[in-house]
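Asker: Sequence plus the predicted model coming up.
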Amino acid sequence: ATMPKFKNIILEINEPTEPTAVRWHNLDESLSVRILQRICGTVFSLVLIGVGFGIVYFMNGTLKWKRNSSYAITFFNHIIPMFCRFANSYESFPKEGNSERSIYFRIAIARWVNTVLVYFMITLFVETIYGEESLVVLVSSLFLSEMIQNPLMVIFDPFNFYYKHIAGPRALSQAEMNSFFRGAKFSLAERYTSLTKILFLCFFYATILPASYLFCSITLCITYFLDKYLLFRRWGQAPASGPSVAKFSRDFFFSVALVIHMIMSAYWWSGFPFDNVSEYDGKYYTVNQDMLSDRKFPALPRFQTEMTQPNGIPEGWIGWMSASTKQEFIVRLTGISSVVLLCVFVSLVLFKKIILMFISLFSSTYEPQGKNQECDYSELSSSENSLYIPQVKGLGLGSFPVLACDISHIEPEYLNWADPDDTTNYDKHNLICDLRELGVDVDGGKQLFSIVKQWTHQ
């Protein structure tokens, strides 16, 4: 497609976001400030991951509370979104979709490390499937904790109880009481990470714990009905963030989970029976069966004799994998499949994105979605659409946004929200009126606010 031009100037055209998804108070931030904010937010997320890892490591290593540590992991997964939203609130994003995607990435990484990788890193190789506190037992207890403890923590939310049963009835005004019953804020990104966390936990350990598929199915069903209850009974209305989080999750995180599932399957099969013992010529020798720690990729049977092995192994030793159980065949099959799947992911997902970015420099790559409904914008009612009106949300100024423009030239019904107790034509929600009362000249001289006007179709 040819590049669109206006007066011989190439235009950069993007699909507009929803009016309610524009973060008006972040549009004036410079690129350098945004980069600095991203760096600080990333450092905070890394510290958060390190704290969670340290707590679980302390409970397992020092206190010897291996089984009880699963409850700590579930609790930490429950409070991770709160800290990530706190860090995200100090960053500037032009759209709600960008903010949700940033929250999704940080929560997903923190939960993946905290849920899946911590047990894997602190458990000895020989304790993978053997013992009362083996890796398999710990993962099973973690699944049970996610199925039972996490839903109970959400249902018996102390903040919800306090707002509705203590603070609400004791409010001094109707507006204050309404603010306690307006519904809890929820993040679509956080709910997506709850799904990817469980799926990643299942895919990572499915080879040594086949019951992971059953545990994962039960957990996802519980999550579905729990979210359905919260959506209709507790949560407030969220801004329209668009499909960016869903696309980001589908293109990257779900794909990465599948690739890691195949890679780990090869390593799990290669390490069986996880005892670091091999029989040769009627004698038993201590060997190294952990290909992953020896940095061998992909896991293939030929690496048995190329790995770093203890002293004293006979020269004729060919490996620990059992030929009678076709272990070498399974390892070779999963190892080669993991490489093929990794190449497919890199070529179809990463290279495709890079190529599209390169092509977009010379031609248009936009492809419209959906069908033309043959309906003009002017024919829509005010309840079906809203205008792009600068307003600020979430500054502790009540349950309604604060207007940051002159709305005398637009119809109020297009604001997409209404205060039933307002008799001032939105003047009490407008910053212009507040400054006018303070003696600031907002009607002439220097322009302090954006100009917003509406032209009605005749």
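Answerer: Arrived safely, thanks for sending.

Asker: burial count for the nearest residue to Pro298 once chain neighbours are set aside?
Answerer: Leaving aside its chain neighbours, Pro298 sits nearest to Gly335 (3.9 Å; criterion: C-beta to C-beta, 6 or more residues apart in numbering). C-beta coordinates here come from the backbone N, C-alpha and C atoms, glycine included. If you count neighbours by other C-beta atoms under 10 Å, Gly335 ends up with 26.

Asker: tally of neighbours for Tyr162?
Answerer: Neighbour count for Tyr162, taken as other C-beta under 10 Å: 12.

Asker: contacting residues around the residue minimising distance to the centre of the chain?
Answerer: Geometric centre of the chain, nearest residue: Tyr104, 2.4 Å, by C-alpha atoms, centre = their mean. With contact taken as C-beta atoms under 8 Å, 6 or more residues apart in numbering, Tyr104 is in contact with 189-190, 192-193, 245, 248-249.

Asker: Taking those residues, tell me the two that lie furthest apart.
Answerer: Using C-beta to C-beta, the contacts of Tyr104 reach their maximum pairwise distance at Glu190 and Phe248, which is 13.8 Å.

Asker: what mean pLDDT does the helix ranked longest in the chain have?
Answerer: Longest helix of the chain, by residue count under DSSP state H: helix 31-61. In this model, helix 31-61 has an average pLDDT of 87.

Asker: what does the helix or strand following that helix contact?
Answerer: For helix 31-61, the following helix or strand on the C-terminal side (DSSP states H and E) is helix 69-88. By C-beta under 8 Å, 6+ apart, the residues outside helix 69-88 that reach it are 40-41, 44-45, 48, 52, 55-56, 59-60, 99, 102-103, 106-107, 110-111, 114-115, 118, 138, 141-142, 144-146, 149-150, 153-154, 187, 190, 193, 197.

Asker: Pull out the buried positions in helix 69-88.
Answerer: When burial is assessed from 16 or more other C-beta atoms under 10 Å, helix 69-88 yields the following buried residues: 69-74, 76-77, 80-81, 83-85, 87-88.

Asker: From the chain's centroid, how far away is it?
Answerer: Computed by C-alpha atoms, centre = their mean, to the nearest Å, the chain-centroid distance of helix 69-88 equals 12 Å.

Asker: so it versus helix 31-61, what angle?
Answerer: In terms of direction (axes from the mean of the first three to the mean of the last three C-alpha atoms, to 10 degrees), helix 69-88 departs from helix 31-61 by 170 degrees.

Asker: and the next element down the chain from helix 69-88?
Answerer: helix 96-112.

Asker: Averaged pLDDT, that next one. What do you get?
Answerer: 87.

Asker: For whatever helix or strand comes next after it, give me every contacting residue.
Answerer: Sequence order places helix 118-122 as the next helix or strand after helix 96-112, per DSSP H and E. The contact list for helix 118-122 (C-beta under 8 Å, 6+ apart) reads 52-53, 56-57, 60-61, 73, 135, 138-139, 142, 204.

Asker: tell me which of these is nearest to Phe345?
Answerer: Phe204 (16.4 Å).

Asker: Is that closest one in contact with Met262, as I believe?
Answerer: No - look at Phe204 against Met262 with C-beta atoms under 8 Å: they stay out of range, at 11.0 Å.

Asker: Tell me which of these two has more neighbours.
Answerer: Neighbour tally, Phe204 and Met262, criterion other C-beta under 10 Å: the higher count belongs to Phe204, 25 against 20.

Asker: part of a helix, is the more buried one?
Answerer: Yes - assigned with DSSP: H, G, I helix; E, B strand; the rest coil, Phe204 falls within a helix.

Asker: for it, what are its contacts?
Answerer: 116, 120, 260-261, 264.

Asker: For it, give its distance to Ser212.
Answerer: Plainly put, Phe204 is 8 Å away from Ser212 if you go by C-beta to C-beta, to the nearest Å.

Asker: how near is the closest residue to Gln289 other than its chain neighbours to Arg302?
Answerer: Spatial nearest neighbour of Gln289, excluding adjacent residues (C-beta to C-beta, 6+ apart): Gly271 at 5.0 Å. From Gly271 across to Arg302, the span is 16 Å (C-beta to C-beta).

Asker: Look at those two and report which has more neighbours.
Answerer: More crowded of Gly271 and Arg302, by other C-beta under 10 Å: Gly271, with 26 against 12.

Asker: Could you check how far the more buried one is from Cys84?
Answerer: With C-beta to C-beta as the criterion, Gly271 and Cys84 are 34 Å apart.

Asker: circling back to that earlier point, tell me what angle the longest helix of the chain forms with helix 96-112.
Answerer: Counting by the same axes, to 10 degrees, helix 31-61 lies at 20 degrees to helix 96-112.

Asker: how far out from the middle of the chain is helix 31-61?
Answerer: How far helix 31-61 lies from its chain's middle: 15 Å, per C-alpha atoms, centre = their mean.

Asker: just the helices in this protein please.
Answerer: For the chain, helices defined by DSSP H occupy the ranges 31-61, 69-88, 96-112, 118-122, 135-155, 158-162, 174-180, 188-205, 212-233, 244-248, 254-271, 327-345, 351-359, 431-437.

Asker: now those in JSON lines, with distance to Trp24?
Answerer: Listed next are those as JSON lines, based on distance: least, C-beta to C-beta, whole Å:
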{"stretch": "helix 31-61", "distance to Trp24": "16"}
{"stretch": "helix 69-88", "distance to Trp24": "17"}
{"stretch": "helix 96-112", "distance to Trp24": "11"}
{"stretch": "helix 118-122", "distance to Trp24": "40"}
{"stretch": "helix 135-155", "distance to Trp24": "32"}
{"stretch": "helix 158-162", "distance to Trp24": "28"}
{"stretch": "helix 174-180", "distance to Trp24": "22"}
{"stretch": "helix 188-205", "distance to Trp24": "20"}
{"stretch": "helix 212-233", "distance to Trp24": "27"}
{"stretch": "helix 244-248", "distance to Trp24": "19"}
{"stretch": "helix 254-271", "distance to Trp24": "33"}
{"stretch": "helix 327-345", "distance to Trp24": "38"}
{"stretch": "helix 351-359", "distance to Trp24": "28"}
{"stretch": "helix 431-437", "distance to Trp24": "12"}
